[in-house]
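> Structure of the sequence below:
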Amino acid sequence: MLRPIDHYYLQQDEPHKSCLQFLRGFILEQDPVITESWKYGMPFFCYHKKMFCYLWVHKKHHQPYIGIVEGKSIHHPDLIQENRARMKILLVNPGKDIPTRKIKAILQETLALYK
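Purely as a prediction, here's the structure:
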């Protein structure tokens, strides 16, 4: 029987499914303390049990994104605040090469807030 978090990834259509699954693994590789969990009906990643980031698909842009929980403290030109007070998102175009250097830099900067 599948866990809800696994079902979420499997129910996505391509190319979103492959993109989200890659991002899932990429986020987990950033630090051995990062764990994944199912919160608020979406896949979340925690650092020492504190919510760190999450994955979702933007309803308007129809692109996967990484939501950075403490995004307000991260200043990167590609992070989008929209109507969120605390979080920012990074849209990831699944039709192009995933910008791993950019994502790693943002995730490492965010992890530094938690350390």
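> In PDB, list the C-alpha atoms belonging to the longest strand anywhere in the chain.
For the chain, the longest strand by residue count, based on DSSP state E, is strand 50-57. Output in PDB follows, covering the C-alpha atoms of strand 50-57 (Å, rounded to 0.1, in the frame of the first residue of the first chain):
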ATOM      1  CA  LYS A  50      11.300  21.900  11.600                       C
ATOM      2  CA  MET A  51       9.600  22.600   8.300                       C
ATOM      3  CA  PHE A  52      12.200  23.600   5.700                       C
ATOM      4  CA  CYS A  53      10.600  23.400   2.200                       C
ATOM      5  CA  TYR A  54       7.900  21.700   0.200                       C
ATOM      6  CA  LEU A  55       7.000  20.700  -3.400                       C
ATOM      7  CA  TRP A  56       3.900  21.600  -5.200                       C
ATOM      8  CA  VAL A  57       2.600  22.600  -8.700                       C
END
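> strands paired with it, and their directions?
strand 42-47 (antiparallel), strand 64-68 (antiparallel) (DSSP bridges).
> which residue is nearest the middle of the protein?
residue 66 (2.8 Å; Cα atoms, centre = their mean).
> do you know how far that residue is from residue 99?
11 Å (Cβ to Cβ, to the nearest Å). The way it works is simple: take the backbone N, C-alpha and C, and place the C-beta from them, glycine included.
> ok, residue 3 touching residue 37?
No - taking Cβ atoms under 8 Å as the definition, residue 3 is not a contact partner of residue 37, at 10.1 Å.
> Between the two, which is the more surrounded one?
Neighbour tally, residue 3 and residue 37, criterion other Cβ atoms under 10 Å: the higher count belongs to residue 37, 13 against 9.
> so who does residue 39 touch?
51, 54 (Cβ atoms under 8 Å, 6 or more residues apart in numbering).
> Just the residues contacting the longest strand of the chain, thanks.
The contact list for strand 50-57, computed with Cβ under 8 Å, 6+ apart, reads 12, 16, 20, 23-24, 27, 34, 39, 42-46, 63-69, 107, 110-111, 114.
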